[in-house]
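Enquirer: how would this look folded up:
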Amino acid sequence: MAEKIVKVGLVGAGTIGKGVVDLYLRNGSAINDKVDFAVMMAKVADRDRDRLQGLDLEKEKLCTDASEILEDPDIDIVIELIGGIEPARSLIARAIENGKYVVTANKDLMARHGQELIRLARRNNVNIFYEASVGGGIPLIRPLKHSLVADRVSRVLGIVNGTTNYIFTRMDQDGLSLEDALSEAQRLGFAESDPTNDVEGLDAAYKLVIMANLAFGKKADFDQVHIEGIKGVTYEDISYAREIGYSVKLLAIGEDLPEGLALRVHPALVPLEHPLSSVLNELNAVFIESEAAKELMFYGPGAGAMPTAAAILSDVVEAARCIRFNVANGVVESELQETGFVPIGALEARFYLRYLVEDRAGVFASLANAFADEEVSLDMVIQKRRVGDLAEVVLVTHEAREDAFRRALEKVTDISAIKANPSIIRLLN
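Expert: Below is the predicted model:
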């Protein structure tokens, strides 16, 4: 065993933090054997003493003040697991300025401020590692940084939120309403008590920004991501989708187009033969299309204490290798290129719509004419059931520009026979 012991301090002893400590205690000796040097969990900080008492560590390794870790010259690596923007941003910056490597799972922070922290790390000859920020236990950041560096990635699309995927799975397989599926996800621990970031698509958008930065080498902007949540999707939509050969997923999609980056998060109808369609329950998957490797998919548990802890500790080992073998900066991604962004209105897609209409002659013709006026043609029209005195009509368009489709929708709203706003879901192309 080499003389150098790499010492680690962890800030934030919540569910993930406890998972990191537990996995380290279980596998620490095996990790040291594999890398041929010692990695030591030297100290854990959390403001909540009750959390600290739940850790199987010596009392002298526990503290309530993160400064004991940040200012300790013997600690080489800081794991940040408190989440959110502040005080996590300031804590990480302070650790870097004190010459410490940083490991984090903080997707919000890395999406919003990751590049400034990476630049700060470069100036201080250290690095920041964030494998667990996107796919939990799925190896994803490292392949994008290293394995695909010689390739040109054209598109990334993924199911990167386990909560919404679990909800759609239960709606599809068991006929639950969205509200009932969400309540079940909360009861089982797959959803937070406040699920806003999940069901409104914000969680997936943060992860998309991180993936887009690495996949395309261009500076993705969270404020340029078009975001739609899942609240408008019903069991009826999922049932119709399956009938025409699709499943419904919340997708994060990034494309590197000649005009710039197109970034969006929204529900989508995914063909049943597409690999993403078979990703069920709380599992995540990211599908990558590139020039040389063609198509790749990374699949597995996108959250949970143990899978996330495994990704965090793998980053700790990577940082420890940099320290042990005097690799200045480790491997830091290059400065990202500035880029333009393609608005959602300029993109093309096929659309699924479900309307409630008066069941009388001429309604179909009025709908078709409204869409035809904007050169949006219909590929499929289905009328199978009634809801009270109204007919339920499902339309699927051919590919059309989003802005033309939206103009057609405005015309449809003027048709008196239309009695409710439609359900609208894009089809994956």
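
Enquirer: pull up the pairing partners for the lowest-mean-pLDDT helix or strand in the chain, direction included.
Expert: Within the chain, no helix or strand scores below strand 378-387, which has a mean of 86 by mean pLDDT, DSSP states H and E. Sheet pairing of strand 378-387 (DSSP bridges) gives strand 390-397 (antiparallel).

Enquirer: for the partner strand, what is the distance to the chain centroid?
Expert: 32 Å (C-alpha atoms, centre = their mean, to the nearest Å).

Enquirer: and that strand, what's buried?
Expert: Under the neighbour-count criterion of 16 or more other C-beta atoms under 10 Å, strand 390-397 has 390, 391, 392, 393, 394, 395, 396, 397 buried. Just so you know, the C-beta spots here come from the backbone N, C-alpha and C atoms, and that holds for glycine as well.

Enquirer: show me what it is in contact with.
Expert: 236, 240, 244, 350-359, 363-364, 367, 371, 376-386, 405, 419, 427 (C-beta atoms under 8 Å, 6 or more residues apart in numbering).

Enquirer: among the residues you listed, name the buried ones.
Expert: Buried by 16+ other C-beta under 10 Å: 240, 244, 350-357, 363-364, 367, 371, 376, 378, 405, 427, out of the contacts of strand 390-397.

Enquirer: out of those, which sit inside strands?
Expert: Applying DSSP state E to the buried ones among the contacts of strand 390-397, the entries found in strands are 350, 351, 352, 353, 354, 355, 356, 357, 378, 427.

Enquirer: host element of residue 27?
Expert: Assigning secondary structure by DSSP states H and E places residue 27 in helix 15-35.

Enquirer: residues in contact with that helix?
Expert: If you take C-beta under 8 Å, 6+ apart as the criterion, helix 15-35 is touched by 1, 10, 13, 38-39, 41, 44, 46, 51, 54-57, 79, 81, 105, 304-306, 308-310, 312-313, 317, 320-321, 324.

Enquirer: give me the angle between the very next helix or strand once past it and helix 15-35.
Expert: Once helix 15-35 ends, the next helix or strand along the chain (criterion: DSSP H and E) is strand 38-45. Interaxial angle, strand 38-45 versus helix 15-35 (axes from the mean of the first three to the mean of the last three C-alpha atoms, to 10 degrees): 160 degrees.

Enquirer: which residues of the chain score low on pLDDT?
Expert: Scanning the chain for pLDDT under 70 picks out 1-3, 328-334.

Enquirer: let's go with 50 and repeat that
Expert: Applying pLDDT under 50 to the chain flags residues 1-2.
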